[in-house]
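K.L.:
sequence-free structure coming up:
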């Protein structure tokens, strides 16, 4: 989606402004993380400068795209970048990493960061908000999934907020039991582990629909049935 440009800003002026951001130089090499950081930095700079999308790749692929009649979109630029440097950013590997992502010992915030980062390589798997919500929830540890079964969830943001609230409440409950255990005549029941175990039970989908015990790759977990 193009944005209006200031007609008084020429190419030299635009380049001068761009260079003030001290953009990273892209160096080829066996470092996929470095390539991703470079690409993300370029995206952020062009967004901050309020450049129209086509300006980001004008001198890179203009001639080729005009010859082939290729649509000028940012997704096409990313496709060109990944095609030119397949050894640096392996689309299939990143997509597989997203599919296999589990919370495990990650905090909710850390899990969300990884989910958001890797989901860019598998946009078709989160094409709608319900699908994005379902995949995010299915990667949580079982205690969080179970707590979310009674929640009415409509958006990804709601899932994140409710999951973080669940963790806080569970921590408060554990703290209460620890204090109670230490009090005279208190219960000797051991406190629950601070970390959740990987999910194994069914949860529910947004709007009260059930989540089956399915991992983010969409295949049933061992000992459980498929999607209903």
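P.N.:
It's in. Here the structure is a predicted model, which is why all the values come from computation and not from measurement.
K.L.:
okay, CA-based contacts and neighbour counts for the rest of this
P.N.:
Fine.
K.L.:
Quickly list the domain ranges of this structure.
P.N.:
Following automatic domain parsing, one gets these domains for the chain: 14-89, 94-211.
K.L.:
Out of those domains, name the one with the poorest average pLDDT.
P.N.:
If you rank the domains of the chain by mean pLDDT, domain 14-89 sits at the bottom with a mean of 67.
K.L.:
Just give the number of residues close to residue 118.
P.N.:
Residues lying near residue 118 (other CA atoms under 10 Å) number 19.
K.L.:
what residues are up against it?
P.N.:
94, 95, 97, 98 (CA atoms under 8 Å, 6 or more residues apart in numbering).
K.L.:
Please flag which of those sit within helices.
P.N.:
Among the contacts of residue 118, the residues falling in helices (DSSP state H) are 94, 95, 97, 98.
K.L.:
I'd like the distance from the closest residue to the third one other than its chain neighbours to residue 156, if you could.
P.N.:
Closest residue to residue 97 in three dimensions, ignoring its sequence neighbours and counting by CA to CA, 6 or more residues apart in numbering: residue 118, at 7.1 Å. Here the criterion is CA to CA, to the nearest Å. By it, residue 118 lies 15 Å from residue 156.
K.L.:
Would you mind listing which of the ones in helices among the contacts of residue 118 are buried?
P.N.:
94, 95, 97, 98 (16 or more other CA atoms under 10 Å).
K.L.:
Pipe these into TSV and attach distance to residue 35 per row.
P.N.:
Listed next are these as TSV, based on distance: CA to CA, whole Å:
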residue	distance to residue 35
94	13
95	16
97	17
98	18
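K.L.:
Of all pairs in those, which one is the farthest apart?
P.N.:
Greatest spatial distance among these (CA to CA): 94 and 98, at 6.3 Å.
K.L.:
okay, and the common contacts of those two?
P.N.:
Shared contacts of residue 94 and residue 98 (CA under 8 Å, 6+ apart): 118, 121.
K.L.:
Nice, that's everything, thank you.
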